[in-house]
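Enquirer: pasting a predicted model and its sequence here:
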Amino acid sequence: MFHHSKLSCIALAAICAAGPLAAEDWPSAPLHLYVGFPAGSSPDTIARLVAEPLADALGQPVVVENKPGAGGVIGVQQMLADKNDGLSFAVTINGPLTTAQRLVEDLSYDPATDIAPVALIATSPLVLGVTSDFPADTVAGFIEQATENPGDIAYGSVGHGSGAHLTAELFANEAGVELYHIPFQSYAEVTTSIIGHEIDGGFMAPSAAMPHVEAGKMKILGITSSAPFPSLPDVPVMAGQSSLPEDFRAELWNGFIAPSGTDPEIIERLNSEIVEILAMPEVADKLLAMGWQVQPGSTEAFATRIAEDTALWGAVIDGIEARQ
């Protein structure tokens, strides 16, 4: 009995000692970084921009694996399938963490309990693009037109529940106006329909709008970031215009996540390395050229952003469902 107890204590001590030792020795094998979108997409490009310097810092390869589908949900699910091996992570847009639980039937994970935020990487605002001859040149003027013609202004998005759709709904709610939604499959279809005067406008990525603006076929009225965007300094922010609140903000983002239960020391190490990577001018410049602004910050700040956006878009979805 004495020997059995002594052996148990020795085994327990070894197990207890293994935790911090494992974190110190981590990583001892290549990391897998899942992306729920195809190669060449913004999340994929962002993941690869981070993966290369991260591999250098960690001394192990960081292998980006594309698992496209369900608006990024498949990539998160693949990460969770490898749960708690300390080597499986994901780069994802906001949808799988903030709206999927409301928009995806039978979602196999709970973002609040199954996901450990690591680091916000970058944010991208949307712009309100309209036809070149739209009878307003400002967001305030657009709101005035929508107020005088309730339901007559048609806007396009890239599908029900997309960031473009929810942003337009948030805008309409905050401005106190009624807009008419027409879903499309892509931003290309949205901009083609705006140029062809089939619809009046839409919220979209700056990269989708700018070529047409520069060609004189569209105009941009405002941007949804809380501060002027570096690559579009002359485009006014929407916040505070007309009936919009001063804190109006609607942004897409990409972040680095882990399965819940991942060693906190590993998460802290990854956050520290990613913050340093985002401080590299070449990384920030490449992201800005794609329409994304680096957002280095703590794990706690990223967790707060997820919670805030989950509440924000949840309220918008509640409004949509209430009208159906």
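Expert: Now that the structure is in, tell me what you want to look at. Numbers count the residues shown, from 1 in each chain.
Enquirer: and the helices in the stretch 201-324 of the chain?
Expert: 206-214, 264-278, 281-289, 299-323 (DSSP state H, counting those that start in this stretch).
Enquirer: may I have the second one exported as CSV, CA atoms only?
Expert: It refers to helix 264-278. Only the C-alpha atoms of helix 264-278 are listed here, as CSV (Å, rounded to 0.1, in the frame of the first residue of the first chain):
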residue,chain,number,x,y,z
PRO,A,264,-3.0,30.1,-21.7
GLU,A,265,0.8,30.4,-22.0
ILE,A,266,0.6,29.3,-25.6
ILE,A,267,-2.1,31.9,-26.3
GLU,A,268,-0.1,34.6,-24.6
ARG,A,269,3.0,33.7,-26.6
LEU,A,270,1.0,33.7,-29.9
ASN,A,271,-0.6,37.0,-29.1
SER,A,272,2.8,38.6,-28.3
GLU,A,273,4.3,37.3,-31.6
ILE,A,274,1.3,38.4,-33.7
VAL,A,275,1.4,41.9,-32.1
GLU,A,276,5.0,42.1,-33.1
ILE,A,277,4.3,40.9,-36.7
LEU,A,278,1.5,43.5,-37.1
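Enquirer: which residues touch it?
Expert: Contacts with helix 264-278, where a contact means C-beta atoms under 8 Å, 6 or more residues apart in numbering, come from 20, 23, 26, 50, 53-54, 57-58, 86, 89, 116, 118-119, 121-122, 256, 258, 283-284, 294-299. No exception for glycine: its C-beta is placed from N, CA and C like everyone else's.
Enquirer: the longest one now?
Expert: Taking C-beta under 8 Å, 6+ apart as the criterion, the residues outside helix 299-323 that touch it are 94, 97-99, 102-103, 111-112, 117-120, 161, 166, 169-170, 173, 253, 255, 267-268, 271.
Enquirer: and those residues, which are buried?
Expert: Buried subset of the contacts of helix 299-323 (neighbour count, 16 or more other C-beta atoms under 10 Å): 94, 97-99, 102-103, 111, 117-120, 161, 166, 169-170, 253, 255, 267, 271.
Enquirer: so how do I select the buried members of the contacts of helix 264-278 in ChimeraX?
Expert: Buried residues within the contacts of helix 264-278, by 16+ other C-beta under 10 Å, are selected in ChimeraX with:
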select :26,50,53,54,57,58,86,89,116,118,119,121,122,256,258,283,284,294,295,296,297,299
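Enquirer: please enumerate the strands of the stretch 101-250 of the chain.
Expert: Applying DSSP state E, counting those that start in this stretch to the stretch 101-250 of the chain gives strands spanning 115-125, 127-131, 154-157, 180-183, 201-204, 218-223.
Enquirer: just those: most buried one?
Expert: strand 201-204 (a mean of 28; mean count of other C-beta atoms under 10 Å).
Enquirer: packing partners for that one?
Expert: strand 127-131, strand 154-157, helix 163-175, helix 187-195 (3 or more C-beta pairs under 8 Å, 6 or more residues apart in numbering; DSSP states H and E).
Enquirer: ok, now how distant is the closest residue to residue 125 other than its chain neighbours from residue 195?
Expert: What sits nearest to residue 125 in space, not counting adjacent residues and going by C-beta to C-beta, 6 or more residues apart in numbering, is residue 225, at 3.7 Å. Between residue 225 and residue 195 the distance is 25 Å, computed by C-beta to C-beta, to the nearest Å.
Enquirer: which of the residues in the helix or strand containing residue 43 are buried?
Expert: Using DSSP states H and E, the element containing residue 43 is helix 42-58. Using 16+ other C-beta under 10 Å as the test for burial, helix 42-58 gives 42-51, 53-55, 57-58.
Enquirer: need the residues that contact it.
Expert: Outside helix 42-58, the residues touching it (C-beta under 8 Å, 6+ apart) are 27, 31, 33, 35-38, 61-64, 66, 72, 91-93, 121-122, 124, 254, 256, 270, 273-274, 276-277, 280, 283, 286-287, 290-292.
Enquirer: just the buried subset of the residues you listed, please.
Expert: 27, 31, 33, 35-37, 62, 64, 66, 72, 91-93, 121-122, 124, 254, 256, 270, 273-274, 277, 283, 287, 290-292.
Enquirer: angles on the backbone of the residue lying closest to residue 172 once chain neighbours are set aside, please.
Expert: Nearest residue to residue 172, sequence neighbours excluded (C-beta to C-beta, 6+ apart): residue 179, at 5.0 Å. According to degrees, to the nearest 10, the main-chain angles of residue 179 amount to phi -120, psi 160.
Enquirer: export the helices and strands packed on strand 201-204 as JSON lines, with columns for mean pLDDT.
Expert: Output for the helices and strands packed on strand 201-204, formatted as JSON lines (pLDDT from 0 to 100):
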{"stretch": "strand 127-131", "mean pLDDT": "97"}
{"stretch": "strand 154-157", "mean pLDDT": "97"}
{"stretch": "helix 163-175", "mean pLDDT": "96"}
{"stretch": "helix 187-195", "mean pLDDT": "95"}
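Enquirer: of those, which is nearest residue 144?
Expert: helix 163-175 (10.0 Å; C-beta to C-beta).
Enquirer: that closest one vs helix 187-195, what angle?
Expert: 50 degrees (axes from the mean of the first three to the mean of the last three C-alpha atoms, to 10 degrees).
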